[in-house]
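# coords please:
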Amino acid sequence: MLAGVTHRSDVTAVLGPTNTGKTHLAVERLCGHSSGMIGFPLRLLAREVYDKVVAIKGAHQVALITGEEKIVPEGARWFLCTAESMPLERDLSFVAIDEAQLGADAERGHVFTDRLLRARGRDETMILGSEALRPMVKALVPEAEIIGRPRFSKLTYAGARKISRLPKRSAIVAFSAEQVYAVAEMLRRLRGGAAVVMGALSPRTRNAQVAMFQAGEVDYLVATDAIGMGLNLDVSHVAFAALDKFDGHRQRRLTVAEMAQIAGRAGRHQRDGTFGALVEEGPGAFRPEEVLAIEEHRFPRLDFLYWRDGEPDLGSIEDLVFSLEMRPDDRALRAAPEAVDLAVLKRLAMEDWVRDRARSPAMVARLWAACGLPDFRKVGVDPHARFVSRLFGHLSEGQGHVPHRWFADEVARLDRVEGDVETLAGRIAAVRSWAYIANRADWLAEPGHWAERTREIETRLSDALHAGLTQRFVDKRTTALLRGIGKDSGALPVVIGAEGEVLVEDHEIGRLDGFRFTVAPDARHADKRLLLAAAEKRLGTERARRGKMLAEAVDTAFALAGGDRPVILWDAVQVATLAAGPSLARPRVVLDASLDCLDRTARAAVAARLEAWLAQQSARHVPVLVALDAATRDATLTGPLRAVAGALLAEGGIAPRRPMATMLDAVDNPSRKRLRAAGVTIGTLDLFDARLLKPAAARWRRALLAAREVAVEGLSPEGATVLPRDHPGARLDQGFRPLGAQAVRVDLVERIARAAHDARAGRKPFVPDPALATSIGMTAETLARLMAALGFRTARGEGAAPRWIWHGLTKTAAVKPAPRDNAFAALAALGSARG
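Reported below is the predicted structural model:
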């Protein structure tokens with residue numbers, strides 16, 4: 001008996017996720033009995049296990065029975081079958097049904113439910129399935145002993161990865177032939193090739209494709225969801241190209257159980273596996289709850305299985321249809337949706353000639369058997385019904401055999417190996433219909449001959465399809481080179497020229513700019529793909545050398561480039577970006593992704609060098625910002641001083657005075673001196689450091705603001721004193737105070753303000769000297785607006801020149817101008833000299 005079973009049980013249900021060894025256990029039990037049978041969901045899987053049992057018991061004792069292939073030696077004792085083809089009438093010691101949870105499948109579920117209910121071994125019966133089947137087993141087979149099987153290895157979500165970044169030994173799962181071919185073509189271009197596995201392939205083609213993957217000739221496999229049905233492959237990662245499929249009726253999202261069934265192919269025995277998608281967002285991405293359920297193997301339990309009478313009444317066509325549409329009594333069962341065979345039967349039953357011929361139970365049975373011919377070509381009910389109608393016409397007349405000429409002509413038409421992959425796959429699907437017919441003992445006069453003939457044609461087509469798939473989706477030159485290089489990384493010489501060009505065996509395949517390898521445009525075709533991989537493999541030494549040079553580079557080798565995201569350049573190559581740090585003066589250095597190729601120690605050395613350079617250059621170009629940052633962190637300074645320093649630092653060292661009036665009122669004289677010592681001018685209207693208006697300092701300041709994602713729109717011309725108001729740089733955050741139709745540089749605004757205060761005598765009216773204003777390009781209107789902003793108002797009097805009276809500023813205090821000799825006149829002279 002099974003491990004963990006304490007008493008004999010006629011029926012045992014072994015339930016658990018994939019990679020729990022359920023199929024292996026069933027095969028062991030099969031071989032341990034004197035006779036037995038296992039029903040599988042796929043012909044491919046039945047064939048795979050058949051080969052294993054043949055190796056143990058010998059071909060003369062083992063049978064393979066599928067719809068289109070029968071190998072039944074005389075005296076066979078062990079049978080490997082598809083679920084539909086299980087000969088339930090045989091008295092065998094052991095019987096097992098695999099993937100019994102497929103009883104919930106709308107298309108084939110009734111077949112698995114029937115086997116669950118009726119297929120029994122003389123001594124032992126085993127039901128294999130997922131944990132979701134547990135309540136159904138309890139309800140429908142109460143005598144069964146249920147054994148849970150834990151997964152041997154851990155299954156982990158690895159996130160979304162593009163096809164170009166998938167790890168080796170990955171299987172990519174798609175849900176249509178078109179999607180499979182598209183993914184395989186992309187892998188050929190990016191990775192040298194992929195094997196292809198689909199349920200529609202013949203076992204021979206499938207085995208040849210899998211052999212390529214298992215032997216390492218290709219590192220990727222593209223498959224349909226057939227991969228989830230127990231096919232044993234050496235896969236470490238499963239990637240989903242999509243998470244929805246057409247189930248024969250509608251396009252729908254996979255259930256979590258279906259996702260888990262497929263994802264569970266990753267990992268083998270004790271080796272852990274991973275799964276993921278190809279996209280991070282949208283319908284093709286996993287949802288968090290799906291990931292959690294798959295990783296923890298927790299899925300909704302099945303609450304019903306589809307059922308159809310497995311032994312229908314063959315008394316008449318009406319009785320047959322009635323019994324096939326009958327509803328089950330058990331609450332755990334649900335009537336199966338109309339399958340293709342029943343739909344075909346109903347269409348044929350509408351024909352008078354069919355009803356005339358199918359009057360006896362034997363002929364009704366023959367009609368039902370003909371309707372059971374699968375639609376291998378996937379042409380739909382109506383075209384398939386016409387084919388079945390012609391078939392039954394022959395089966396119901398004369399000796400009841402398909403005419404030799406018709407059969408021979410049809411298979412001869414298919415016996416051609418030219419054509420593309422889609423054409424060959426179509427011929428294989430068509431020949432499977434004829435193989436199905438040939439494997440019915442009483443449908444042909446010489447069934448053995450024609451079964452062999454269709455097998456030969458399928459073999460030739462399969463070999464041609466394998467060759468076509470390999471030619472289309474595998475670059476053998478590339479994969480051969482990869483294997484050679486994998487054994488010896490020095491097998492192919494990689495040369496890096498003085499201009500950064502990368503050559504492999506005299507093929508220029510790209511450039512190494514800094515640490516980033518860029519593929520040459522003409523190196524993307526398939527026969528150079530491996531050369532690119534070889535180059536990537538050999539560039540490590542050169543990148544390490546460059547990393548050491550970067551960490552030891554002199555200051556003059558670096559530069560800061562502006563833009564939406566400021567970057568640090570090393571010899572004109574981008575090596576880092578600036579991001580928001582603890583403060584404006586202390587941005588964070590983020591190494592460029594191209595430096596990910598360096599080891600941790602090298603990256604740390606590079607980061608330290610760039611941070612040291614950045615701090616040094618900040619102290620050189622924007623010392624006031626460094627000083628303000630230090631003041632905000634100096635606990636020995638007064639609170640008001642630290643508050644003003646922080647507010648001014650946040651504005652990049654140039655800010656209007658009015659919002660900070662309250663804080664400034666609280667700043668004592670020693671603190672004001674400290675601000676002035678740092679370079680801050682506490683002006684009548686603005687606080688600023690005039691050094692920030694110099695071109696180099698202004699560029700550095702803009703870069704620091706951009707690192708904090710503070711947009712500084714437009715650039716003021718170098719040396720400008722006055723700008724038109726509509727100029728992009730006519731903004732206070734760029735050092736220009738808007739005044740009417742113009743904007744005046746803040747340091748000149750302050751000089752004019754001080755000169756005006758020096759020229760006035762208390763509150764007596766006076767006329768300011770307009771020379772400086774005129775020399776820098778200020779209009780009379782702009783000067784008038786400035787005077788008003790400075791706290792002056794016009795006085796009535798005679799004369800052309802306006803007279804001004806000191807009125808005082810609101811909500812802010814005027815700064816007493818520093819002693820100077822005729823400051824206004826001096827500035828006027830300076831303005832005249834500039835003019």
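# Do a quick rundown of the helices in the stretch 301-450 of the chain.
317-324, 340-349, 352-357, 361-371, 381-395, 404-414, 421-438, 447-473 (DSSP state H, counting those that start in this stretch).
# As a markdown table, these with mean pLDDT would be great.
Listed next are those as a markdown table, based on pLDDT from 0 to 100:
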| stretch | mean pLDDT |
| --- | --- |
| helix 317-324 | 96 |
| helix 340-349 | 96 |
| helix 352-357 | 95 |
| helix 361-371 | 96 |
| helix 381-395 | 95 |
| helix 404-414 | 95 |
| helix 421-438 | 92 |
| helix 447-473 | 91 |
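# Out of those helices, flag the one nearest Gly32.
helix 447-473 (31.3 Å; Cβ to Cβ). No exception for glycine: its C-beta is placed from N, CA and C like everyone else's.
# and that closest one, what does it pack onto?
Secondary-structure packing of helix 447-473 (3 or more Cβ pairs under 8 Å, 6 or more residues apart in numbering; DSSP states H and E): helix 177-191, strand 195-197, helix 203-214, helix 404-414, helix 421-438.
# Show me what the shortest one is packed up against.
Using 3+ Cβ pairs under 8 Å, 6+ apart as the contact test, the elements touching strand 195-197 are helix 177-191, helix 203-214, strand 220-223, helix 447-473.
# of the helices and strands packed on helix 447-473, which approaches Leu345 most closely?
Of those, nearest to Leu345 by Cβ to Cβ is helix 421-438, at 16.9 Å.
# hmm, back to that, highest mean neighbour count out of the helices and strands packed on helix 447-473?
strand 195-197 (a mean of 29; mean count of other Cβ atoms under 10 Å).
# Turn the helices and strands packed on helix 447-473 into JSON lines, columns for distance to Val62.
Converted to JSON lines, those look like this (distance: least, Cβ to Cβ, whole Å):
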{"stretch": "helix 177-191", "distance to Val62": "32"}
{"stretch": "strand 195-197", "distance to Val62": "24"}
{"stretch": "helix 203-214", "distance to Val62": "15"}
{"stretch": "helix 404-414", "distance to Val62": "27"}
{"stretch": "helix 421-438", "distance to Val62": "20"}
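# highest average neighbour count across the helices of the stretch 301-450 of the chain?
Ranked by mean neighbour count, those are led by helix 421-438 with a mean of 22 (mean count of other Cβ under 10 Å).
# Could you export it as PDB, CA atoms only?
This file holds the C-alpha atoms of helix 421-438, laid out as PDB (Å, rounded to 0.1, in the frame of the first residue of the first chain):
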ATOM      1  CA  VAL A 421       5.200  25.200 -40.300                       C
ATOM      2  CA  GLU A 422       1.500  26.100 -40.300                       C
ATOM      3  CA  THR A 423       0.800  24.000 -43.500                       C
ATOM      4  CA  LEU A 424       2.600  21.000 -42.000                       C
ATOM      5  CA  ALA A 425       0.800  21.300 -38.700                       C
ATOM      6  CA  GLY A 426      -2.500  21.400 -40.600                       C
ATOM      7  CA  ARG A 427      -1.700  18.200 -42.500                       C
ATOM      8  CA  ILE A 428      -0.800  16.500 -39.200                       C
ATOM      9  CA  ALA A 429      -4.200  17.500 -37.800                       C
ATOM     10  CA  ALA A 430      -5.900  16.200 -40.900                       C
ATOM     11  CA  VAL A 431      -4.000  12.900 -40.900                       C
ATOM     12  CA  ARG A 432      -5.000  12.400 -37.300                       C
ATOM     13  CA  SER A 433      -8.600  12.100 -38.400                       C
ATOM     14  CA  TRP A 434      -7.700   9.300 -40.800                       C
ATOM     15  CA  ALA A 435      -5.500   7.600 -38.200                       C
ATOM     16  CA  TYR A 436      -8.500   7.700 -35.800                       C
ATOM     17  CA  ILE A 437     -10.600   6.000 -38.500                       C
ATOM     18  CA  ALA A 438      -7.900   3.400 -39.200                       C
END
